[in-house]
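[1] Quick one, fold the following:
(chains A and B)
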Amino acid sequence: KNEVEQSPQNLTAQEGEFITINCSYSVGISALHWLQQHPGGGIVSLFMLSSGKKKHGRLIATINIQEKHSSLHITASHPRDSAVYICAAPRAYSGNTPLVFGKGTRLSVIA
Amino acid sequence: DVKVTQSSRYLVKRTGEKVFLECVQDMDHENMFWYRQDPGLGLRLIYFSYDVKMKEKGDIPEGYSVSREKKERFSLILESASTNQTSMYLCASSSGNLPEVSEQYFGPGTRLTVT
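    Numbers count the residues shown, from 1 in each chain, chains lettered A, B, ... in the order given. From the prediction side, this is the model:
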């Protein structure tokens, strides 16, 4: 079973700072997922990527398949970015497999 | 927009009660999942289903069962609730034959307290 590790567990930043959250996994995968959970519980999918880089607004996700590592970057951070960010990977390389989740990174952006 | 709904946002039950958590999705998704989320442990998979009347155990199925009689509905059952089942329960759904490359859509969660 894939092991998914995130760092840091907690992160506090000043508004405007560039933020990086890291995710590593142990088994080669077809795609890696980044999700966001706001206070109150709702979880939304941010990115699913299998190579290179994806960008959506101020959020950028990158993945290095060889190193089994992905990063989520937030540029010009804002207090509304405060949330828990979760990465997830398939639990096995073979198909038709559910996801295993990291424990999340709690981000607080202070104005 | 995909919508995943859960029957209750908050639920308080007594030890030994049978508890039903309902999840309904409106986008004809094949795949449905039940997770529990606890502080410091993240999301853990309880059960999942890739088709009607199909179910597979996840990582922590003990004390739980599921039912999927219709494609849009996936129910989680706590046969005899215990205090260690106090948690946030989240349902999710996704489409397609390869769930690992499909976006998952989550319900709002049910915070269950067992006293």
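[2] CA atoms for contacts and neighbours, from now on please.
    Fine.
[3] Can you give me the buried ones in stretch A:65-85?
    A:65, A:68-74, A:77-78, A:81-85 (16 or more other C-alpha atoms under 10 Å in any protein chain shown).
[4] To which secondary structure element is A:Leu107 assigned?
    For A:Leu107, the enclosing helix or strand under DSSP states H and E is strand A:105-110.
[5] picking that back up, so which of the buried residues of stretch A:65-85 are in strands?
    A:69-74, A:83-85 (DSSP state E).
[6] from the residues you listed, which two are the most distant?
    Farthest pair in these (C-alpha to C-alpha) is A:His69 and A:Ala83. Separation: 21.4 Å.
[7] Which phi and psi values does A:Leu35 adopt?
    Per-residue torsions, A:Leu35: phi -130, psi 160 (degrees, to the nearest 10).
[8] which residue sits closest to it, ignoring its sequence neighbours?
    A:Ser45 (4.4 Å; C-alpha to C-alpha, 6 or more residues apart in numbering or on different chains).
[9] Is that neighbour in a helix, a strand, or coil?
    strand (DSSP: H, G, I helix; E, B strand; the rest coil).
[10] Near chain A, which residues of chain B are found?
    Selection of chain B residues close to chain A by C-alpha under 8 Å from any C-alpha of the partner chain yields B:40-45, B:97-101, B:103-109.
[11] what residue ranges in chain B score low on pLDDT?
    Along chain B, segments meeting pLDDT under 70 span B:1-2, B:99.
[12] if we go to 90?
    Within chain B, the segments meeting pLDDT under 90 span B:1-2, B:40, B:53, B:95-103.
[13] Relative to chain A, which residue of it is the closest?
    B:Gly42 (4.2 Å; C-alpha to the nearest C-alpha).
[14] How about that residue, nearest residue that isn't a chain neighbour?
    That would be A:Lys103: by C-alpha to C-alpha, 6+ apart, it lies 4.2 Å from B:Gly42.
[15] my guess is that neighbour meets B:Leu41, correct?
    Yes - in this structure A:Lys103 lies within contact range of B:Leu41 using C-alpha atoms under 8 Å: 5.8 Å.
[16] The two - which one has more neighbours?
    A:Lys103 (24 against 12; other C-alpha atoms under 10 Å in any protein chain shown).
[17] elements contacting the one helix or strand A:Lys54 maps to?
    Using DSSP H and E, A:Lys54 sits in strand A:52-56. Counting contacts by 3 or more C-alpha pairs under 8 Å, 6 or more residues apart in numbering or on different chains; DSSP states H and E, strand A:52-56 packs against strand A:59-64.
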